[in-house]
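Participant: Mind looking at a prediction? Sequence and model below.
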Amino acid sequence: QQQVKQSPQSLIVQKGGISIINCAYENTAFDYFPWYQQFPGKGPALLIAIRPDVSEKKEGRFTISFNKSAKQFSLHIMDSQPGDSATYFCAASWPGNTGKLIFGQGTTLQVKP
Amino acid sequence: DSGVTQTPKHLITATGQRVTLRCSPRSGDLSVYWYQQSLDQGLQFLIQYYNGEERAKGNILERFSAQQFPDLHSELNLSSLELGDSALYFCASSAGQGDFYEQYFGPGTRLTVT
């Protein structure tokens, strides 16, 4: 079963607009929620991450909103730029000392100039 | 550049064959993770090693095995290959184990099974 569900599958946003990607998780034991950015031909790279005791985390134009009761979290990209065009993955980490990540299916973002 | 290297970059092989994918972690990183990325399954965790020992296992098939050597490089062995094994295989490394440590992904090995 898919423990982390991500939507939408693809997203087209105009330059300067706000991109919003949503994720929902099932297992309340997850204790760390990172977002990864992947450009074509490259491996994923950590963008921003949050823990469930925080409702929001902001780093530059990127913000994670976290709703523990709804078991949902989302990535907001403000003032989206063509250089943000990439595939974004949300993930959740199993508790325990491993770092094992469960990824969502990914969202392909295209920012039009 | 993440500092994680993977070889080969591309691999084309036939069904039933066996291949070995190699990963060199960032200098000083003790943990190595293997992930499989395919169109239908997305990015899936396979296995993790920390300082030579297996620490966590995901949905890794019995036909697949991995190990981490004393110099900390890791190899993923895929045997009795099937068409469905065609995918991108990523290695990631981190300084320690646990989500406190960021995972740095390599560029991946693209495996095509014909």
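Facilitator: Looks like it came in fine. Numbering: from 1, shown residues only, chains lettered A, B, ... in the order given.
Participant: Phi first, then psi, for whatever residue of chain A ends up closest to chain B.
Facilitator: Going by Cβ to the nearest Cβ, chain B is nearest to A:Gly43 of chain A, at 3.1 Å. C-beta: built from backbone N, CA, C; applies to glycine. Main-chain torsions, A:Gly43, degrees, to the nearest 10: phi -80, psi 160.
Participant: Specify the beta-bridge partners of the spatially closest residue to it that is not a sequence neighbour.
Facilitator: Distances taken as Cβ to Cβ, 6 or more residues apart in numbering or on different chains put B:Phe105 closest to A:Gly43, at 3.1 Å, once the chain neighbours are dropped. Beta-bridge pairing for B:Phe105 (DSSP bridges): B:Ala92.
Participant: Just give me the neighbour total for B:Phe105.
Facilitator: Neighbours of B:Phe105 under the rule other Cβ atoms under 10 Å in any protein chain shown: 22.
Participant: Next up, the contacts around B:Thr7.
Facilitator: By Cβ atoms under 8 Å, 6 or more residues apart in numbering or on different chains, the contact set of B:Thr7 is B:21-22, B:109.
Participant: mind listing the strands for chain B?
Facilitator: Listed in chain order, the strands of chain B (DSSP state E) span residues B:5-7, B:10-13, B:19-24, B:31-38, B:42-50, B:53-57, B:64-68, B:74-78, B:87-94, B:104-105, B:109-113.
Participant: Which residue comes closest to B:Leu111 once chain neighbours are left out?
Facilitator: Nearest residue to B:Leu111, sequence neighbours excluded (Cβ to Cβ, 6+ apart): B:Leu11, at 4.9 Å.
Participant: The one you found against B:Arg110, yeah?
Facilitator: Yes. The pair B:Leu11 / B:Arg110 is scored as a contact, 7.1 Å apart, by Cβ atoms under 8 Å.
Participant: Taking chain B, what residue is nearest to chain A?
Facilitator: B:Phe105 (3.1 Å).
Participant: Number of residues surrounding the closest residue to B:Ser2 other than its chain neighbours?
Facilitator: With Cβ to Cβ, 6+ apart as the criterion, B:Ser2 has its nearest non-adjacent residue at 4.2 Å, and that residue is B:Tyr104. When neighbours are counted by other Cβ under 10 Å, B:Tyr104 registers 22.
Participant: next one: A:Lys71
Facilitator: 16.
Participant: could you list every residue that touches it?
Facilitator: By Cβ under 8 Å, 6+ apart, the contact list for A:Lys71 reads A:24-26, A:28.
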